[in-house]
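Peer 1: turn this into a model:
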Amino acid sequence: MTMSSAHAWGIATVSTAEKSKGTVLDVWYPDPIEGGDRATVEKLTSTDEDRQVERVVYECTIDDLSQPPADAYDAFLRLHLLSARGVKPNEINLDGIFGVLNNVVWTNFGPCLPEGFELTRAKLQARGEGQVIIFLIDKFPRMVDYVVPSGVRIGNADRIRLGAHLAEGTTVMHEGFVNYNAGTLGASMVEGRVSQGVIVGDQTDIGGGASTMGTLSGGGKERVSLGKRCLLGANSGLGIALGDDCVVEAGLYVTAGSKVLVDGEPVKAATLSGKSNMLFRRNSLNGAIEVVPWKTSAVSLNDSLHKN
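Peer 2: Residues are numbered from 1 along each chain as shown. Below you'll find the predicted structure:
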């Protein structure tokens, strides 16, 4: 059953700088699904004068997850719910999330404001606690710094945003990328790009360098998903939904507007969106994209690789 509301205790990093006082850099909710308690997060309060931030307790209540995020506290709880598997991609409203999140310098000392960061870096280095390492400059932090889902393997944590949904048995290789509000619903192999809004089914393989089209800037409105036992070949791309047991040949990019041949007749690929048992291939003699029937048991993952 889809969650319709949420409540959780969190610890927020808030700016104390004069020009940006009260700006929320991040919020960590240790137990976003069950809510947690005040006593747990109260122990984490602190002040860092070098970074000009303080960590404060925040109780977040969202009455209706079908409404857009109201502020950064709200947005961070929604992202936690996705990565903690409390909700699935596209089940809650994330409209306008970029507008309520702030751009942050994510470092090994914690989140920092971008404004005046060089002075902040100097103050942190003066502590003698080691070099200041910058992981990202972005509105979304790494998922693993806030949520570590069970039963997954991640080759490069920098490439998994908070808000990614990784199901039990998922393996994301070093070049794989999973955006927020996107991810897997079963044991899957991700070696390519899973864009915002894209859902990947059980036993499906996103090949190395493969790309899926999201619905953010320039992505169009077509909602891309892949069913069970699908394969996106290496360096291929997908701009339509696939049902179960489908394959896109390596190096072939299929968009909603692509003209494909079905039984020799040209149709737009969008008309096949959501259908199962299809192989998309490029005719190497004339360059045409052909769609032919595909047998159901041809794609299977190595079970031993996904017992995480």
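Peer 1: do you know how far the closest residue to Gly274 other than its chain neighbours is from Leu101?
Peer 2: Using CB to CB, 6 or more residues apart in numbering and skipping the chain neighbours, the partner closest in space to Gly274 is Ala241 (4.6 Å). For every residue, glycine as well, the C-beta is placed using N, CA and C. Applying CB to CB, to the nearest Å, the value for Ala241 to Leu101 is 28 Å.
Peer 1: residues touching the closest residue to Arg142 other than its chain neighbours, list them.
Peer 2: In space, and not counting its chain neighbours, Arg142 is closest to Ala157: 5.3 Å by CB to CB, 6+ apart. Residues counted as contacts of Ala157 (CB atoms under 8 Å, 6 or more residues apart in numbering) are Arg142, Met143, Val144.
Peer 1: which one of those has the most neighbours?
Peer 2: Met143 (28 neighbours; other CB atoms under 10 Å).
Peer 1: all helices for the protein, in order.
Peer 2: Assigned by DSSP state H, the chain shows helices spanning 38-42, 72-83, 97-100, 117-125.
Peer 1: now stretch 10-28 - C-alpha only, PDB.
Peer 2: Written as PDB, here are the backbone C-alpha positions of stretch 10-28 (Å, rounded to 0.1, in the frame of the first residue of the first chain):
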ATOM      1  CA  GLY A  10      15.600  14.400  11.800                       C
ATOM      2  CA  ILE A  11      18.800  16.300  12.400                       C
ATOM      3  CA  ALA A  12      19.200  19.300  10.100                       C
ATOM      4  CA  THR A  13      22.300  21.300   9.200                       C
ATOM      5  CA  VAL A  14      21.300  24.900   9.100                       C
ATOM      6  CA  SER A  15      23.400  28.000   8.200                       C
ATOM      7  CA  THR A  16      24.400  30.500  10.900                       C
ATOM      8  CA  ALA A  17      26.100  32.900   8.500                       C
ATOM      9  CA  GLU A  18      24.600  36.400   8.500                       C
ATOM     10  CA  LYS A  19      23.700  36.500   4.800                       C
ATOM     11  CA  SER A  20      22.100  33.000   4.700                       C
ATOM     12  CA  LYS A  21      21.000  32.500   8.300                       C
ATOM     13  CA  GLY A  22      18.400  29.600   8.500                       C
ATOM     14  CA  THR A  23      19.300  28.100   5.100                       C
ATOM     15  CA  VAL A  24      18.900  24.300   5.200                       C
ATOM     16  CA  LEU A  25      21.900  22.500   3.900                       C
ATOM     17  CA  ASP A  26      20.700  18.900   4.700                       C
ATOM     18  CA  VAL A  27      18.500  16.800   6.900                       C
ATOM     19  CA  TRP A  28      19.200  13.300   8.000                       C
END
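Peer 1: how far does that stretch sit from its chain's centre?
Peer 2: Centroid displacement of stretch 10-28 relative to its chain, using CA atoms, centre = their mean, to the nearest Å, is 24 Å.
Peer 1: buried residues, it. List them.
Peer 2: Neighbour counts using 16 or more other CB atoms under 10 Å place 10-15, 20, 23-28 of stretch 10-28 among the buried residues.
Peer 1: closest to Arg78 among those?
Peer 2: Minimum distance to Arg78 across the buried residues of stretch 10-28 is 10.8 Å, recorded for Val27 (CB to CB).
Peer 1: which stretches of the protein have low pLDDT?
Peer 2: 1, 216-221, 296-308 (pLDDT under 70).
Peer 1: apply 50 and report the result again.
Peer 2: Within the chain, not a single segment meets pLDDT under 50.
Peer 1: all strands of the stretch 201-308 of the chain, in order?
Peer 2: Shown for the stretch 201-308 of the chain, the strands assigned by DSSP state E, counting those that start in this stretch span residues 205-206, 211-212, 225-226, 231-232, 237-238, 247-248, 253-254, 259-262, 265-268, 278-282, 289-293.
Peer 1: what is the fourth one packed up against?
Peer 2: This points to strand 231-232. strand 205-206, strand 247-248 (3 or more CB pairs under 8 Å, 6 or more residues apart in numbering; DSSP states H and E).
Peer 1: want to throw these into TSV with mean neighbour count and distance to Glu59?
Peer 2: Shown next, in TSV, are the helices and strands packed on strand 231-232 (neighbours: other CB atoms under 10 Å; distance: least, CB to CB, whole Å):
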stretch	mean neighbour count	distance to Glu59
strand 205-206	27	38
strand 247-248	25	46
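Peer 1: export those to JSON lines and tack on distance to Phe117?
Peer 2: Formatted as JSON lines, the helices and strands packed on strand 231-232 follow (distance: least, CB to CB, whole Å):
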{"stretch": "strand 205-206", "distance to Phe117": "35"}
{"stretch": "strand 247-248", "distance to Phe117": "43"}
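Peer 1: mind checking the ones you listed for the one nearest to Arg38?
Peer 2: strand 205-206 (41.0 Å).
Peer 1: would you list the strands that the closest one pairs with, along with their directions?
Peer 2: Applying DSSP bridges to the sheet, strand 205-206 is found paired with strand 189-190 (parallel), strand 231-232 (parallel).
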